[in-house]
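My questions concern the predicted model and sequence given below.
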Amino acid sequence: MVMPITILKEIGHQLDEDIFPRIKNGGIVTPGESATCSPSWAEENNDERQGKSRHPTRPWPGPIRGQRQTDRPRTSGAASSSVSAELQAQYEGELTAISEAYPGAKVWHQTEGLWLITESILLPGIWQRAVFLTGIPFDRSRIVRSWGFWMGMPLKYPEWIGPRHTNMPDGSICGFEPTDGTWKLGDNLLVLLDLYTLWALRHLHLQIFKRWPGRQVAHFVHERLTELKSTEHCGCGSNNIYSDCCRDKDLRSDRVLEAVKFISAGGAMRFPPNAVMNFINIQDNPPKIDELLPMVQLI
Ligand SMILES: [Zn+2]
């Protein structure tokens, strides 16, 4: 039996090499295929996955940089704030697959969209599980939002996962760059939930090893200076380590000005809105989806 910490370390090394792990049912994360993992771990998982589902593991789509897909043509450009029956049918149709991949998933149906609560085990043997509260709009003018929380024995209530790699100021998950085509409204929800699972796994790595594994994006100089360890990948998105990339430039910048920029963008106070905290604590009485999911910013 390989210790979960060893597996986490292995996945971290893989992420540093751009090798993505596999996500299994229950949101269990295992090292990617090109890894050399011990036979006992591999066998154990093979036993575990037998006959549970037709899709016990899913190949990782990976960040699809530079392959941005063109948006589907809109049926009506004017009706930008209306519910799309097509999106609604698609996402309601995906719920069965979601409850198979994430057992215990809870769903709340609203006219404007769905609220989902799903749980990811991450690594069996580690106390933290991640719980995600995800709002999926049926309206293409709104943006999907999800908040991540730790759950597990010592915690009485879900504990927000952040502030790193969360959106400003609402503290929702920033699991990928919205502009790089990794996921967009209309894509498969399971892929999105897997992206969130990986995001939480990376947070677990940060918590245990004090280092964010793999490539990352941190747009603000202040954010890079205060949050990034020198051995992490640079926040400019390059494949270089921060200390070999933008750190010297960041250190020479006007630090006060950069801090002001970050704070005025809401970076210092990232936290979920009260409505989200209430909902995740009682897991009942969801807020209205269109009050919490922001509109797409048309540039
Ligand atoms: Zn850089």
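Arrived safely, thanks for sending. The shown structure was predicted, so the numbers you read here are calculated from the model rather than taken from an experiment.

Start from the N-terminal end of the stretch 1-150 of the chain and give the helices.
All helices of the stretch 1-150 of the chain, identified by DSSP state H, counting those that start in this stretch, fall at 4-16, 39-49, 85-93, 95-101.

Okay, buried residues for the shortest one please.
The one in question is helix 95-101. 98, 100-101 (16 or more other Cβ atoms under 10 Å). For glycine as for every other residue, the C-beta is placed from the backbone atoms N, C-alpha and C.

same check, this time on the first one
Across helix 4-16, burial judged by 16+ other Cβ under 10 Å covers 4, 7-8, 10-12, 14-16.

Just the endpoints, please. Distance across stretch 12-23?
14 Å (Cα to Cα, to the nearest Å).

Could you do stretch 286-296 as well?
End-to-end for stretch 286-296, by Cα to Cα: 22 Å.

before we move on, what about stretch 167-176?
11 Å.

What lies in contact with that stretch?
Residues outside stretch 167-176 that contact it (Cβ atoms under 8 Å, 6 or more residues apart in numbering) are 63, 132, 145-148, 160-163, 165-166, 182-183, 195-196, 198-199, 265-267, 269-273, 276, 292, 294.

any idea of the mean pLDDT for that stretch?
Average pLDDT, stretch 167-176: 91.

chain center to it, what's the gap?
Chain-centre distance of stretch 167-176: 9 Å, with Cα atoms, centre = their mean, to the nearest Å.

Residues contacting stretch 217-227, please?
Residues contacting stretch 217-227 (Cβ under 8 Å, 6+ apart): 164, 177, 228, 234-237, 242, 246-247, 250-251, 253, 255, 258-259, 261-263, 265, 267.

and if we set it to 10 Å?
Residues outside stretch 217-227 that contact it (Cβ atoms under 10 Å, 6 or more residues apart in numbering) are 163-165, 168, 174, 176-177, 180, 206, 212, 216, 228, 232-237, 242, 245-247, 249-251, 253-263, 265, 267-268.

Mind checking which of those land in helices?
206, 247, 249-251, 255-263 (DSSP state H).

Redo the helices of the stretch 1-150 of the chain as JSON lines? Include distance to the ion and mean pLDDT.
Shown next, in JSON lines, are the helices of the stretch 1-150 of the chain (distance: least, Cβ to the ion, whole Å; pLDDT from 0 to 100):
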{"stretch": "helix 4-16", "distance to the ion": "15", "mean pLDDT": "96"}
{"stretch": "helix 39-49", "distance to the ion": "35", "mean pLDDT": "38"}
{"stretch": "helix 85-93", "distance to the ion": "37", "mean pLDDT": "95"}
{"stretch": "helix 95-101", "distance to the ion": "36", "mean pLDDT": "96"}
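
Let's have the ones you listed in JSON lines, adding distance to Leu122.
Output for the helices of the stretch 1-150 of the chain, formatted as JSON lines (distance: least, Cβ to Cβ, whole Å):
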{"stretch": "helix 4-16", "distance to Leu122": "9"}
{"stretch": "helix 39-49", "distance to Leu122": "14"}
{"stretch": "helix 85-93", "distance to Leu122": "25"}
{"stretch": "helix 95-101", "distance to Leu122": "14"}
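
ranges for the strands of the stretch 101-250 of the chain?
Ranges of strands in the stretch 101-250 of the chain, per DSSP state E, counting those that start in this stretch, are 106-110, 113-120, 129-137, 145-151, 159-160.

what sits against the residue most central in space within the chain?
Centroid-nearest residue in the chain: Tyr196, 2.6 Å away (criterion: Cα atoms, centre = their mean). By Cβ under 10 Å, 6+ apart, the contact list for Tyr196 reads 23, 27, 118, 120, 130, 132, 134, 146-148, 161, 173, 175-176.

Tell me which two in those are the farthest apart.
Ile23 and Trp147 (19.1 Å; Cβ to Cβ).

for Cys234, phi and psi?
phi -70, psi 150 (degrees, to the nearest 10).

so what's it closest to, chain neighbours aside?
Among residues not flanking Cys234 along the chain, Cys245 sits closest, at 3.6 Å (Cβ to Cβ, 6 or more residues apart in numbering).
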